[in-house]
Structures are given as C-alpha cells and as structure tokens.
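A.B. asks: can't give you the sequence, but here's the structure:
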C-alpha cells in the first residue's frame, strides 16, 4: 500500500466546516444575484462566489472587494430555491480573508470592519457616532463626508449617547468565545 500525503482542505470543505453549508448544492440559477441590492457594484455576484468556493478559487475571491460590499441583508438566502445560504458563506469568506490576508485588505475596508465589530461588542448594536468616529480614526479620512453630519443630526440619525441592548453580556460572551477560538489577544 502506498501512502499519500494528506490533502490540504479545499475552500468548500473549510466553508462547510465553518458554516455547515454545502456549496455544491448551489445550481447557479442566479436568483440570489438577481435580488442582491449590491449586485451591480460587485465584480463577483453571490452566485459567482458560491461557484468559486465550490471550485476552490480562494485567491480570486479574496482579490475581489465583492465580499466586503455584501450588506448581509440575506436577500440572496431568502431567494434561494435550493435553501443555500450565500449570505452565511460570504460572511465566512470575510472572516477567512481577515485571518489569511489581513495585511492585504484595503485600509478602508479593514477600518470599517474593525469599527463595526467594536460597536457590536461594546453596545450589542451599532452606535452610529461611535462607528463613524472609529472608522474615521482608523482610515484617517477624518473630514471625508463631514458635510453630511448636520443633516444626519437634524434627522436624528446620529446620537451622542449609545444605547445598549438587553443581553449585552451574552453578546460579549460570543465575542470572547470567538477570541479564544481564534487565539486572538483580548
């Protein structure tokens, strides 16, 4: 008997392990992409990403900004006639991109992602003013879009005091479990 070296995991097997999603179930009908509100802006549509995962094309996916343009609105998942969950797959791809290529991510994307997650961890929801401030400090785009602030304030879209959700301790426990799992510093 000849011994074969163990085969590295495929992207599809990594996604399945992380999410339980079998990307081979996607039969490329395109309904997910047809309903996606960001599809016109994406170089890779949701159905493209599902296919590229299945064919182990991680480099092509991670070179595209498409995974970062996804709004996670789950329209793609809702529209799927085969009960696939492209939104969940895209979310897992984001996490993989962060762990594999954190240094290669566009500065603005990384800054927004970090600022967003910090707000969720701190407040259990997005505190818009904190998100904007965190993004601006990380990206160094301090005065970009500053002219939008007065209108947002007058319409009540920006508040200076965050509201916490009930169950904030549970949200923080989720973040802590993820840190321990990924061996990230606290």
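C.D. replies: That came through fine. Keep in mind it's a predicted model, so treat the numbers as computed, not measured.
A.B. asks: Mind telling me what element residue 164 is part of?
C.D. replies: Assigned by DSSP states H and E, residue 164 belongs to no helix or strand.
A.B. asks: What sits closest to it if chain neighbours are left out?
C.D. replies: Computed as CB to CB, 6 or more residues apart in numbering, the closest residue to residue 164 that is not its neighbour in sequence is residue 123, at 5.1 Å. Heads up, the C-betas are built off the backbone N, CA and C, glycines and all.
A.B. asks: Give me the pLDDT for the one you found.
C.D. replies: Looking at residue 123, its pLDDT reads 89.
A.B. asks: How about residue 19?
C.D. replies: The model reports residue 19 with a pLDDT of 94.
A.B. asks: Which residue ranges of this structure form helices?
C.D. replies: Here the chain has its helices, by DSSP state H, at 11-19, 31-35, 46-54, 58-63, 66-69, 75-79, 86-101, 107-123, 128-139, 149-154, 168-182.
A.B. asks: Quick check: the gap between residue 15 and residue 44.
C.D. replies: Using CB to CB, to the nearest Å, residue 15 is found at 15 Å from residue 44.
A.B. asks: Same question for residue 74.
C.D. replies: 18 Å.
A.B. asks: Show the contacting residues for the residue lying closest to residue 71 once chain neighbours are set aside.
C.D. replies: Nearest non-adjacent residue to residue 71, counting by CB to CB, 6+ apart: residue 38, 5.9 Å away. Listed by CB atoms under 8 Å, 6 or more residues apart in numbering, the contact set of residue 38 reads 69, 70, 71.
A.B. asks: Next: residue 56.
C.D. replies: Contacts of residue 56 (CB under 8 Å, 6+ apart): 10, 11, 12.
A.B. asks: Please list only the buried members of the residues you listed.
C.D. replies: 11, 12 (16 or more other CB atoms under 10 Å).
A.B. asks: how close does residue 70 get to residue 94?
C.D. replies: 8 Å.
A.B. asks: Can you pick out the residue with more neighbours from those two?
C.D. replies: Taking other CB atoms under 10 Å, residue 70 and residue 94 do not tie; residue 70 has more neighbours (23 against 18).
A.B. asks: Could you find the closest non-adjacent residue to that one?
C.D. replies: The shortest distance from residue 70 to any non-neighbouring residue, by CB to CB, 6+ apart, is to residue 90 (4.7 Å).
A.B. asks: Count the neighbours of the one you found for me.
C.D. replies: By other CB under 10 Å, 25 other residues sit near residue 90.
A.B. asks: Next, the contact list for it, please.
C.D. replies: 46, 49, 67, 70, 72.
A.B. asks: how close does it get to residue 106?
C.D. replies: As judged by CB to CB, residue 90 and residue 106 stand 17 Å apart.
A.B. asks: Which parts of this protein belong to which domain?
C.D. replies: The chain breaks down by automatic domain parsing into domains covering 1-103, 106-186.
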